[in-house]
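Visitor: no FASTA, just this:
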């Protein structure tokens with residue numbers, strides 16, 4: 001049997017990008033979570049997946065609203081990532097947000113924004129695998145350095161890998 005702590009330590013050595021997934025709560029306010037379990041699924045139609053802990057406060061909202069935003073974070077946004085990684089409802093304390101044309105809560109600062117419609121949901125142990133069909137993309141050209149997560153810590157790209 002695999003020890004859960006050993007499994008966590010092993011997978012912690014896989015560097016990943018960091019996202020914040022936002023959704024509207026029952027009062028119409030922004031809520032969400034930080035996720036690094038995120039990847040592309042399909043080009044036609046454009047689809048991505050994100051894994052959400054089934055016991056998170058935001059999880060029940062995905063089935064209710066059917067729409068969410070994924071913000072791929074820039075290197076300077078570790079405080080925001082930590083804020084959305086904590087429990088509690090006041091997630092927007094570290095930045096401005098607005099409702100998009102698709103009525104999805106969107107943060108004002110990000111590297112890339114993907115607005116999605118929930119297309120599929122699959123059980124995945126303690127998490128649910130949510131597949132979203134991407135309905136809108138915005139790339140913020142002023143940010144090109146991603147926030148990374150490795151061995152439980154946030155960081156950026158080494159200098160030799162940064163874009164010119």
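Guide: Good, I have the coordinates. Given the structure is predicted, the values throughout are model-derived calculations rather than measurements.
Visitor: Identify the residues contacting stretch 27-41?
Guide: 16-25, 47-53, 56-58, 61, 68, 70, 81-82, 84-85, 89, 91-92, 97, 105, 127, 131, 149 (C-beta atoms under 8 Å, 6 or more residues apart in numbering). Placement of C-beta: from N, CA and C, glycine included.
Visitor: cool, stretch 43-53 as well?
Guide: 19, 21, 33, 35, 37-41, 58-59, 62, 70, 114, 116, 119, 124, 126-134, 137.
Visitor: one more time with 10 Å, if that's ok
Guide: For stretch 43-53, contacts defined as C-beta atoms under 10 Å, 6 or more residues apart in numbering pick out 19, 21, 23, 32-33, 35-42, 58-59, 61-62, 68, 70, 114, 116-117, 119-122, 124-135, 137.
Visitor: and these, which of them are in strands?
Guide: 19, 21, 23, 32-33, 35, 38-42, 68, 70, 114, 116-117, 119-122, 124, 127-135, 137 (DSSP state E).
Visitor: now those: which count as buried?
Guide: 19, 21, 23, 32-33, 35, 38, 41, 68, 70, 114, 116, 119, 127-135 (16 or more other C-beta atoms under 10 Å).
Visitor: How many residues are close by residue 106?
Guide: When neighbours are counted by other C-beta atoms under 10 Å, residue 106 registers 20.
Visitor: excluding its backbone neighbours, what's nearest it?
Guide: Spatial nearest neighbour of residue 106, excluding adjacent residues (C-beta to C-beta, 6 or more residues apart in numbering): residue 100 at 4.7 Å.
Visitor: so what pLDDT did residue 93 get?
Guide: At residue 93, the model reports a pLDDT of 59.
Visitor: Surely residue 153 touches residue 81?
Guide: No - look at residue 153 against residue 81 with C-beta atoms under 10 Å: they stay out of range, at 11.2 Å.
Visitor: still on that earlier bit, type out the PyMOL command that picks the buried ones from the contacts of stretch 27-41.
Guide: Entered in PyMOL, the line below selects the buried ones among the contacts of stretch 27-41, by 16+ other C-beta under 10 Å:
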select buried, resi 16+17+18+19+20+21+22+23+24+25+47+48+49+50+51+52+56+58+61+68+70+81+84+91+92+97+105+127+131+149
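Visitor: shaky segments in this structure?
Guide: Residue ranges of the chain with pLDDT under 70: 88-94, 160-164.
Visitor: what's the spacing between residue 61 and residue 68?
Guide: As judged by C-beta to C-beta, to the nearest Å, residue 61 and residue 68 stand 8 Å apart.
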